[in-house]
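Q: whatever this is, show me its structure:
(chains A and B)
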Amino acid sequence: MLSKEQIAQRIARELKDGYYVNLGIGIPTLVANYIPDGINVVLQSENGLLGMGPFPFEGEEDADMINAGKQTITTLPGSAIFDSAMSFGMIRSGKVHLTILGAMEVSDTGDIANWKIPGMMVKGMGGAMDLVASAKNIIVAMQHTNKKGESKLLSSCTLPITGLKCVKKIVTDIAVLEVTPDRGFKLLERAPGISVEEILAKTAGRIVVEGEVPEIQF
Amino acid sequence: MNKVVKNADEAIKDIKAGSTIMFGGFGLCGIPENCINALTKKPEINQITAISNNAGVDDFGLGLLLQTRQIKKMISSYVGENAEFERQMLSGELEVELVPQGTLATRCMMAGYGIPAFFTPAGVGTEVAEGKETRNFGGKEYLMEMAFDADYSIVKAWKGDTMGNLIFNGTARNFNPMMAMAGKISIVEVEELVAPGELNPNEIHVPGIYVHRIFKGENYEKRIEQRTVRKH
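A: Numbers count the residues shown, from 1 in each chain, chains lettered A, B, ... in the order given. Here you go, the predicted model:
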């Protein structure tokens, strides 16, 4: 089973030089720690910053410089500050190349549910609906099953929808999968020591396996 | 032309119960602390419809107005950091309209730009789309959303001059510029209030034409919600 760090590490391999990237809260924020050597990406924080830098050193925190998860951060050479309307303008007009976020459920047609559990947890959707409706490339970081061992990859989402037909790739604690246009999930890689059979058993919804499925290399 | 008022108490004194008020800020960053405090001292200003991205935390920011039960309805995108908010919402005491953050920002912006409605892809196929017109542009579905109609906007800026020209600092900018442009009456508290001519016209983020009342605030706590640091 992959740790959160390993999920983030695997997702970081999808980054390309020159990408503008939005990282959601939770596991996606860890992707910033694994940006491959030799490539430059610009991290967008939807509360109004391009070029999000590392956390400040102790004693240097600035209350006026936070990220979308409300953590204190710093800027980098080339950073830019703007208001929230412009922030979502650049998201909606497709300038952000890649969005990485978490999910409660993903369907085999690429629907995502990640903002509400009716009657229980209602934190709100924040920027998630804008991001999933607009980004060209959306990668989800999630646990493959819930606490009861039930698949979170389904034929249709049971929880309130964040966006339809938008997820392109999923990295879970046991697998890397693609969402195909018409055949459901396609298994691309498996976590070290995890068999294809185990992944199939833990995945509801349609799933396609073609040929040998390699292990994720670390 | 004199837009300067003495303090927050002066700035908010004509606000009536039942008003729709925009509050700037993202989390606790860039919130109008003085005006929020001033409102909590006037419990007769209740039944407020508050438009703000977040609801603060239990004991700071808009959480203070939730504690005093002065807010009847919240229009926000994310309320995860406030347990009292969630409790009032789930029990039905507080009416809540959850709006995608980009839609929220743009509904404020369009009010200041004189555009009554616009189309966005955010929320298509979700419960946010219920009851709303959709249209197809270039093969993609969009929802029609309306500009906000707010009686007041209450905003925090970094520097302002006595003509109401504003500059914001860092990510404390967030919703403040659009809200400053949107309210029928726009109230701004600043850390530094200067004379006209002190601010470079090239560097002004919101021109004073949008601002009705401005004052120099005091005793800013500027609380940090998630103090996060790295080691040397």
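Q: quick one: least confident helix or strand in chain B?
A: Least confident helix or strand, chain B: helix B:83-91 with a mean of 85, by mean pLDDT, DSSP states H and E.
Q: name the helices or strands packed onto it?
A: strand A:121-122, helix B:63-67 (3 or more CB pairs under 8 Å, 6 or more residues apart in numbering or on different chains; DSSP states H and E). The C-beta positions use only the backbone N, C-alpha and C, and glycine is treated the same way.
Q: so in that sheet, which strands flank the helix or strand containing B:Leu143, and in what orientation?
A: According to DSSP states H and E, B:Leu143 maps onto strand B:140-146. Note on strand B:140-146: by DSSP bridges, its sheet partners are strand B:117-120 (antiparallel), strand B:134-137 (antiparallel).
Q: most packed of those?
A: Comparing the strands paired with strand B:140-146 by mean neighbour count (mean count of other CB atoms under 10 Å in any protein chain shown), strand B:117-120 ranks first with a mean of 16.
Q: what are the contacting residues of that one?
A: With contact meaning CB atoms under 8 Å, 6 or more residues apart in numbering or on different chains, strand B:117-120 is reached by A:92, A:130, A:133, B:100, B:102-103, B:106, B:110, B:135, B:137, B:142-147.
Q: which pair in those spans the largest distance?
A: Spanning the widest gap among those are A:Ala133 and B:Ala147, at 19.8 Å by CB to CB.
Q: which of these two has more neighbours?
A: Between A:Ala133 and B:Ala147, counting by other CB atoms under 10 Å in any protein chain shown, A:Ala133 is the more crowded of the two (27 against 19).
Q: how close does the residue nearest to B:Gly27 when sequence neighbours are not counted sit to B:Asn34?
A: Nearest non-adjacent residue to B:Gly27, counting by CB to CB, 6 or more residues apart in numbering or on different chains: A:Lys70, 4.2 Å away. Separation of A:Lys70 from B:Asn34 (CB to CB, to the nearest Å) stands at 21 Å.
Q: ok, the residue nearest to B:Gly27 - contacts?
A: Per CB under 8 Å, 6+ apart, neighbours of A:Lys70: B:Gly27, B:Leu28, B:Cys29, B:Glu81, B:Glu225, B:Gln226.
Q: if we can go back for a sec, format the strands paired with strand B:140-146 as TSV; extra columns: distance to A:Ala175 and mean pLDDT.
A: Formatted as TSV, these follow (distance: least, CB to CB, whole Å; pLDDT from 0 to 100):
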stretch	distance to A:Ala175	mean pLDDT
strand B:117-120	34	98
strand B:134-137	35	98
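Q: can you lay out these as TSV showing distance to B:Pro207?
A: Output for the strands paired with strand B:140-146, formatted as TSV (distance: least, CB to CB, whole Å):
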stretch	distance to B:Pro207
strand B:117-120	22
strand B:134-137	32
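Q: what segments of chain A are helices?
A: In chain A, the helices defined using DSSP state H lie at A:4-12, A:27-30, A:84-92, A:128-134, A:196-201.
Q: distance to chain B and mean pLDDT added to those helices, as CSV?
A: Below are these laid out as CSV (distance: least, CB to the nearest CB, whole Å; pLDDT from 0 to 100):
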stretch, distance to chain B, mean pLDDT
helix A:4-12, 16, 97
helix A:27-30, 10, 92
helix A:84-92, 3, 97
helix A:128-134, 4, 96
helix A:196-201, 28, 97
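Q: quick one: closest of those helices to B:Glu44.
A: helix A:84-92 (31.8 Å).
Q: gap between the closest one and the chain center?
A: On the basis of CA atoms, centre = their mean, to the nearest Å, helix A:84-92 sits 19 Å off its chain's mean C-alpha point.
Q: correct me, but B:Met84 touches B:Leu64?
A: I think there's a mix-up here, since residue B:84 is Glu and not Met. No - counting by CB atoms under 8 Å, B:Glu84 sits too far from B:Leu64 to count as a contact (10.1 Å).
Q: which positions in the lengthiest helix in chain B come out as buried?
A: For chain B, the helix with the greatest residue count under DSSP H is helix B:101-113. Judged by neighbour count using 16 or more other CB atoms under 10 Å in any protein chain shown, the buried positions of helix B:101-113 are B:Gln101, B:Gly102, B:Thr103, B:Leu104, B:Ala105, B:Thr106, B:Arg107, B:Cys108, B:Met109, B:Met110, B:Ala111, B:Gly112.
Q: and the residue of chain A positioned farthest from its centre, how far is that from B:Arg230?
A: No residue in chain A sits farther from the centre than A:Gly59, which is 31.0 Å out by CA atoms, centre = their mean. To B:Arg230, A:Gly59 is 12 Å away according to CB to CB.
Q: next one: A:Glu105
A: For A:Glu105, the distance to B:Arg230 - CB to CB - is 34 Å.
Q: which non-adjacent residue is nearest B:Asn169?
A: B:Trp158 (3.7 Å).
Q: ok, B:Ile12 next?
A: Going by CB to CB, 6+ apart, B:Ile12 has B:Ala38 as its nearest residue, at 5.1 Å.
Q: over to A:Val132?
A: Per CB to CB, 6+ apart, closest to A:Val132 is A:Gly163, 3.3 Å.
Q: list the beta-bridge partners for that neighbour.
A: Bridge pairing for A:Gly163 - DSSP bridges - gives A:Ile112.
Q: which residues does it contact?
A: Counting by CB under 8 Å, 6+ apart, A:Gly163 has contacts A:Asp111, A:Ile112, A:Ala128, A:Met129, A:Val132, A:Ala133, B:Val124, B:Gly125, B:Thr126.
Q: and for the residue nearest to the last one when sequence neighbours are not counted, the neighbour number?
A: Nearest non-adjacent residue to B:Thr126, counting by CB to CB, 6+ apart: A:Ile161, 4.6 Å away. When neighbours are defined as other CB under 10 Å, A:Ile161 has 24 of them.
Q: who are the contact partners of A:Ile161?
A: A:Asp111, A:Ile112, A:Ala113, B:Gly125, B:Thr126, B:Glu127.
Q: go again with 7 Å.
A: A:Asp111, A:Ala113, B:Gly125, B:Thr126 (CB atoms under 7 Å, 6 or more residues apart in numbering or on different chains).
Q: give me the neighbour count for the nearest residue in space to A:Leu76 that is not next to it in sequence.
A: Spatial nearest neighbour of A:Leu76, excluding adjacent residues (CB to CB, 6+ apart): A:Gly53 at 4.3 Å. Other residues near A:Gly53 come to 16 when the count uses other CB under 10 Å.
Q: return the residues in contact with A:Gly53.
A: With the criterion set at CB under 7 Å, 6+ apart, A:Gly53 makes contact with A:Ile73, A:Thr74, A:Thr75, A:Leu76.
Q: and the pLDDT for A:Met121?
A: The model reports A:Met121 with a pLDDT of 67.
Q: my bad, should have said A:Ala135
A: For A:Ala135, pLDDT reads 84.
Q: flag the shaky bits of chain A, pLDDT-wise.
A: Applying pLDDT under 70 to chain A flags residues A:121.
Q: just give me the neighbour total for the residue nearest to B:Ile12.
A: The burial count for B:Ala38: 21, using other CB under 10 Å.
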